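>>> A predicted structure for the sequence below; I have some questions about it.
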Amino acid sequence: MKRVHCQDAEALKAKEDLQVEIDHLKAEKAIEAERITQEKAVEVRSLQDALQKEEFVSAELKVALALEEEKRKEVEIKVVNL
């Protein structure tokens, strides 16, 4: 009877120890997940900023191209009128 009680106590202790280990691992994983989430958020913000700059440059280039096209057409008209 004592042996069964001792085995039960050992099993309960092992179960409690395992639960402590599980809780510890869960906490570590949660911390790691939060760190990765923050890193990815910074990366996304950086990429969004770069995209916004690229879009701005692209818009400026489109305007410059449109102006060049206008000048080219004006020159063509002048050449034809000569």
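Cool, the structure landed.
>>> from here on, contacts and neighbour counts on C-alpha atoms
OK.
>>> got the residue ranges for the strands in this protein?
Shown for the chain, no strands are assigned by DSSP state E.
>>> centroid residue for it?
Centroid-nearest residue in the chain, with CA atoms, centre = their mean: Lys40, separated by 3.2 Å.
>>> now do that residue against Glu55, distance only.
Per CA to CA, to the nearest Å, Lys40 is found 22 Å from Glu55.
>>> same check, this time on Glu70
23 Å.
>>> tell me where this protein has helices.
Here the chain has its helices, by DSSP state H, at 2-81.
>>> got any ranges where it has weak pLDDT?
Nowhere does the chain drop to pLDDT under 70.
>>> using CSV, list the CA coordinates for stretch 4-15.
Provided in CSV are the C-alpha atoms of stretch 4-15 (Å, rounded to 0.1, in the frame of the first residue of the first chain):
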residue,chain,number,x,y,z
VAL,A,4,1.4,2.4,-4.4
HIS,A,5,1.0,5.7,-2.5
CYS,A,6,4.7,6.4,-3.1
GLN,A,7,4.4,5.7,-6.8
ASP,A,8,1.3,7.9,-6.9
ALA,A,9,3.1,10.7,-5.2
GLU,A,10,6.1,10.3,-7.6
ALA,A,11,3.7,10.2,-10.6
LEU,A,12,2.0,13.4,-9.4
LYS,A,13,5.3,15.1,-8.8
ALA,A,14,6.5,14.1,-12.3
LYS,A,15,3.2,15.4,-13.8
